[in-house]
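Engineer: just to be clear, the model below is a prediction. Sequence and coordinates:
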Amino acid sequence: MNLDWDKFQQLSPQEKAPFFQRNGRPYHALIAQQFERPFLDRLCELATRTRRIAKTRGGRLFLQDLLSDKRAMLYFAQPSTRTFLSFYAACQIVGLQPAEVRDTATSSELKGESPEDSVRTFSSYFDVIIMRHPVGGFAERIAWMLSNTERSVPVINAGSGKDQHPTQALLDIYTLQRSFERRGGIEGKRIVFVGDLARGRTVRSLSWLLLQYPGVRQTFVAPDALQIGGDVLDSLRRAGAAFDCTDDFESVVPEADAIYMTRIQDEWDTNRESARLDTSRFKFTAAHLARLRPDAILMHPLPRRDEIAVACDADPRAMYWRQVRNGMWVRAALILILFDREVEVDRYYEDLTR
């Protein structure tokens with residue numbers, strides 16, 4: 001990245017995207033804006049091929065040999081269950097040897113070492129850094145820093161502050177694609193986002209990726225204090241995408257092709273302000289199932305609290321547990337792409353299905 005950090009920071013996400021590639025291929029995976037439709041289609045195809053190969057013992061052994069010479073550092077400076085385990089399992093699928101730092105109190109950061117120095121140390125030992133950090137844009141800073149050293153390694157953003165969660169958005173796209181593959185794909189569908197949209201990084205990233213699919217209408221349902229940010233709406237306007245904002249959840253349930261529920265992100269509160277909001281109207285109950293279209297789906301990035309009633313879990317339209325499993329395969333496919341190993345997967349898959 002041949003720009004100093006101050007100039008790099010001033011770029012828009014779209015202007016930053018080319019810096020995350022090398023030789024026309026993805027090198028880092030940091031922001032949703034770097035992924036265009038051909039990449040999304042390829043990633044979904046590779047995820048499906050990888051999961052089908054893994055159905056046999058021979059296939060699993062083949063996959064585990066692909067990156068058996070590489071090591072991954074999972075640096076999670078923010079609490080995580082699904083994303084951490086999903087990446088850990090994805091590394092195991094493709095043979096990457098994983099190591100972890102999940103509590104900075106156990107690292108030299110406790111002694112005053114900067115996070116930047118900690119990650120640069122990791123890059124001396126490992127071939128890819130998979131990181132989650134509470135500071136927005138920190139993964140980008142690390143990628144910029146490492147790209148200007150003699151030991152540059154790929155960086156995967158597993159969640160940064162309130163701004164980006166690109167790999168969650170990728171697995172959400174995969175879930176939508178598979179759910180709608182008999183209904184013409186994602187194009188032309190109405191996707192409804194509900195809950196804490198102001199601070200939900202999963203919604204911000206997915207909203208951008210949905211711009212790659214013509215005819216999608218995005219509906220944002222939230223109380224005013226938690227409604228989607230103006231920067232996201234500006235992006236939709238510039239793209240000429242259809243969208244609307246409302247606080248009337250009941251009216252949109254029957255019209256949705258997918259409802260994407262989110263929890264209240266009160267970990268970002270400074271004075272328990274979320275507790276003073278009435279969010280009772282923004283929950284999906286068992287009664288809503290009767291009003292949901294038979295071919296619609298219900299999604300959630302998890303963890304959930306009471307945004308979706310447990311009674312909904314057995315309904316075939318509930319996709320959130322499938323999202324969890326999809327994440328493992330999408331992240332495995334992403335790692336294969338970053339290390340340029342997808343050709344071997346294609347060759348094995350074609351022999352398998354011949």
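Structural biologist: Thanks, I have it.

Engineer: give me the pLDDT for Gln323.
Structural biologist: Looking at Gln323, its pLDDT reads 96.

Engineer: then Gln265?
Structural biologist: 71.

Engineer: didn't it look like it was pressed against Asp196?
Structural biologist: Yes. Using Cβ atoms under 8 Å, Gln265 makes contact with Asp196 at a distance of 4.7 Å. The C-beta positions use only the backbone N, C-alpha and C, and glycine is treated the same way.

Engineer: more neighbours, these two?
Structural biologist: Asp196 (26 against 17; other Cβ atoms under 10 Å).

Engineer: low-confidence ranges in the chain?
Structural biologist: 1, 104-111, 266, 268-276 (pLDDT under 70).

Engineer: where along it do the helices fall?
Structural biologist: Here the chain has its helices, by DSSP state H, at 5-9, 13-16, 37-53, 57-66, 82-93, 115-125, 138-147, 166-179, 201-209, 230-239, 249-252, 320-338, 342-353.

Engineer: mind giving me the packing neighbours of the first one?
Structural biologist: Read it as helix 5-9. In terms of contacts (3 or more Cβ pairs under 8 Å, 6 or more residues apart in numbering; DSSP states H and E), helix 5-9 is packed against helix 138-147.

Engineer: put the alpha carbons of the helix it packs on into CSV.
Structural biologist: The C-alpha trace of helix 138-147 is given here as CSV (Å, rounded to 0.1, in the frame of the first residue of the first chain):
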residue,chain,number,x,y,z
PHE,A,138,-8.2,-1.5,13.1
ALA,A,139,-8.0,-4.5,10.7
GLU,A,140,-7.4,-2.0,7.8
ARG,A,141,-4.6,-0.3,9.8
ILE,A,142,-3.0,-3.7,10.4
ALA,A,143,-3.2,-4.7,6.8
TRP,A,144,-1.7,-1.3,5.8
MET,A,145,1.1,-1.7,8.4
LEU,A,146,2.0,-5.3,7.4
SER,A,147,1.9,-4.4,3.7
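
Engineer: quick one: contacts of that helix?
Structural biologist: Applying Cβ atoms under 8 Å, 6 or more residues apart in numbering, the contact partners of helix 138-147 are 1, 5, 8, 16, 19-20, 28, 30-31, 115-116, 119-120, 123, 129, 131, 133, 152-153, 155-157, 160-161, 164.

Engineer: thinking again about what came up before, among the helices of the chain, which is nearest His288?
Structural biologist: helix 249-252 (8.5 Å; Cβ to Cβ).

Engineer: list the contacts of the residue nearest to Arg217 when sequence neighbours are not counted.
Structural biologist: Leaving out its chain neighbours, the residue that sits closest to Arg217 by Cβ to Cβ, 6 or more residues apart in numbering is Ala242, at 4.1 Å. Contact partners of Ala242, counting by Cβ under 8 Å, 6+ apart, are Gly215, Val216, Arg217, Gln218.

Engineer: list buried residues within those.
Structural biologist: Val216, Arg217, Gln218 (16 or more other Cβ atoms under 10 Å).

Engineer: give the buried residues for stretch 336-352.
Structural biologist: Buried residues in stretch 336-352 (16+ other Cβ under 10 Å): Leu336, Ile337, Leu338, Phe339, Arg341, Glu342, Val345, Tyr348, Tyr349.

Engineer: what of stretch 81-101?
Structural biologist: 82-84, 86-96, 98, 101.

Engineer: could you flag which of the contacts of helix 138-147 are buried?
Structural biologist: 1, 8, 16, 19-20, 28, 30-31, 115, 119-120, 123, 129, 131, 133, 152-153, 155-157, 160-161, 164.

Engineer: which of those residues fall within strands?
Structural biologist: Of the buried ones among the contacts of helix 138-147, the ones assigned to strands by DSSP state E are Ile129, Met131, His133, Val155, Ile156, Asn157, Ser160.

Engineer: what separation do you get for Tyr320 and Asn326?
Structural biologist: Noted for Tyr320: a distance of 10 Å to Asn326, by Cβ to Cβ, to the nearest Å.

Engineer: gap between the two ends of stretch 247-256?
Structural biologist: End-to-end distance of stretch 247-256 (Cα to Cα, to the nearest Å): 15 Å.
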